[in-house]
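Novice: Sharing a sequence plus its predicted fold:
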Amino acid sequence: MKIDVLTLFPEMFSGVFGSSILKNAKESGVVSYRIINFREYADNKHKKVDDYPYGGGAGMVLRAQPIFDAVDALTNQMQKKPRVILLCPQGERFTQKKAEELAEEEHIILLCGHYEGYDERIREHLATDEISIGDYVLTGGELGAMVIADSVTRLLPGVLGNAESAITDSFSTGLLEHPHYTRPSDFRGMKVPDILLSGHHKNIDAWREQESFKRTWERRPDLLEDRKLTTEEEKRLKNLNKR
Ligand code: 9D3
């Protein structure tokens with residue numbers, strides 16, 4: 001998979017793309033990253049990427065020309081059209097489902113803006129998706145592009161080992177993870193639950209499922225509203241209400 005980023009701050013990406021899992025994914029050839037400063041594509045001698053808004057008003061607007069030309073340069077000679085993803089506060093909220101959808105693509109281009117708005121023609125005629133990573137205000141789209149690149153890369157075949165495999169992730173099962181403990185069994189008087197030391201694997205599995213359900217019910221009831229409870233989970237809910 002090819003992941004390209006268009007940004008005015010390319011230096012922000014070196015840490016994320018140069019570390020552990022993403023670095024290994026790149027070196028194994030599963031994914032390639034290109035970080036492009038779209039200022040290089042500005043057709044005027046001052047390399048200006050923004051301009052005053054038609055109709056007046058405060059703030060600046062990102063010009064269409066450098067962005068269209070940069071996307072053309074990244075897609076020339078390629079038959080299949082890439083997904084062109086605009087990072088912006090007004091976009092659709094990013095979720096694991098969207099990460100899974102993007103992981104199926106051959107080529108994605110992530111477009112990062114800042115306080116300037118985008119010329120609407122970028123939205124209408126270039127972007128295939130508009131994404132926000134959540135309801136808080138960032139200084140630009142770069143952190144969003146990193147979040148998407150990270151979450152999509154780890155879903156690509158061969159990127160994660162069995163131990164870290166994505167299949168048992170909380171957002172794939174729809175539940176939060178149960179508590180984990182490691183040695184010692186007594187740390188400063190804080191004990192590991194007896195059941196985990198019992199060696200009864202069936203009981204341990206049942207305890208973990210109950211704890212997962214309890215955590216989700218207490219912390220993220222919205223995750224349970226989005227899906228139908230299994231009969232097993234209905235029982236767990238009754239267990240919780242008894243205590
Ligand atoms: C004046 C109105 N503001 C829009 C809500 C202006 C504005 C603030 C911050 C415009 C852009 C930005 C920079 N943020 C992003 O580019 C951004 C973002 C975010 O701020 N939150 C969550 N996801 C994203 S993705 C891109």
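Specialist: Nice, I can see it.
Novice: can you give me the helices for the protein?
Specialist: In the chain, the helices defined using DSSP state H lie at 14-17, 20-27, 64-75, 96-102, 120-125, 142-153, 170-173, 194-197, 201-219, 221-225, 231-242.
Novice: Let me see the domain layout of this protein.
Specialist: 2-153, 173-241 (automatic domain parsing).
Novice: In terms of pLDDT, where does the nearest residue to Asp119 once chain neighbours are set aside sit?
Specialist: Leaving aside its sequence neighbours, Asp119 sits nearest to Ala64 (CB to CB, 6 or more residues apart in numbering; 4.4 Å). Placement of C-beta: from N, CA and C, glycine included. As predicted, Ala64 sits at a pLDDT of 98.
Novice: Test my guess that Ser28 contacts Gly158.
Specialist: Yes - between Ser28 and Gly158 there is a contact under CB atoms under 8 Å: 6.7 Å.
Novice: if I look at the residue nearest to Asp119, how far off is the ligand?
Specialist: 17 Å (CB to the nearest ligand atom, to the nearest Å).
Novice: wait, isn't that residue in contact with Glu124?
Specialist: No - counting by CB under 8 Å, Ala64 does not reach Glu124; the two are 10.0 Å apart.
Novice: What residues sit buried inside stretch 16-32?
Specialist: Going by neighbour count (16 or more other CB atoms under 10 Å), the buried part of stretch 16-32 is 16-17, 22, 25-26, 31.
Novice: Tell me who's in contact with Ile3.
Specialist: 31-34, 108, 110, 149, 152-153 (CB atoms under 8 Å, 6 or more residues apart in numbering).
Novice: so what's it bridging to?
Specialist: As for beta bridges, Ile3 partners with Tyr33, Ile108 under DSSP bridges.
Novice: what separates it from the ligand, distance-wise?
Specialist: For Ile3 relative to the ligand (CB to the nearest ligand atom), the value is 16 Å.
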